[in-house]
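K.L.:
A structural model of the following input is requested.
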Amino acid sequence: MITSQSNTNLFNYGCKLPLVLVCMLAIFQKSYSQSPGKNETLSYLNKMLGGKTVLDIRMNNLVISIKDDKGELVREDKVTFSELDTKSFYEEESDLLCVPCLKDAPGCVTRFLIVQKIKRPCERISIIAGGKENFKLIQKALEHLIRLESEVGYKDEITLE
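P.N.:
Coordinates of the predicted model:
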């Protein structure tokens, strides 16, 4: 026979258990999420770069396509994410965001100059930043993308903008 006291206890456990599960799920998702993911970060970067420079991920490689004013492809850089340093720098004179190769991966970037039909290794990727303020926004997103693709277990929440 079930008494009213045991009905109350069952009711309390029945209400608390789903609440505890929902709280645990929210904490778990928050602590193991990475926001934004690689697709959102890539979209953001391409939007910031304005169309003349397009970033793409093919396999575990970053591919940077650079177009001229007519929209013709003039240069394409290809590099494995794990060979890029996460620290970029700004060349103010040429308005370039530059990401060097790691010290143990010299010449990690393969640069194709389409018009001249030249293929050569380079020590860094370089992207027109569009000013010092834009550089900081692009730098933050690009570092996040590189870490997402090259560091096992990387989990970080950043805000783009």
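
K.L.:
quick one: what helix or strand has N46 in it?
P.N.:
Here N46 sits within helix 38-49, counting by DSSP states H and E.

K.L.:
tell me how far whichever helix or strand comes after that helix is from the chain's mean position?
P.N.:
The helix or strand immediately downstream of helix 38-49 is strand 53-58, counting by DSSP H and E. Strand 53-58 has its C-alpha centroid displaced from the chain centroid by 11 Å (CA atoms, centre = their mean, to the nearest Å).

K.L.:
what about strand 53-58, average pLDDT?
P.N.:
Mean pLDDT, computed over strand 53-58, is 96.

K.L.:
what pairs with the very next helix or strand once past that strand, parallel or antiparallel?
P.N.:
Per DSSP H and E, the first helix or strand lying C-terminal to strand 53-58 is strand 61-67. If you go by DSSP bridges, strand 61-67 pairs up with strand 53-58 (antiparallel), strand 73-80 (antiparallel).
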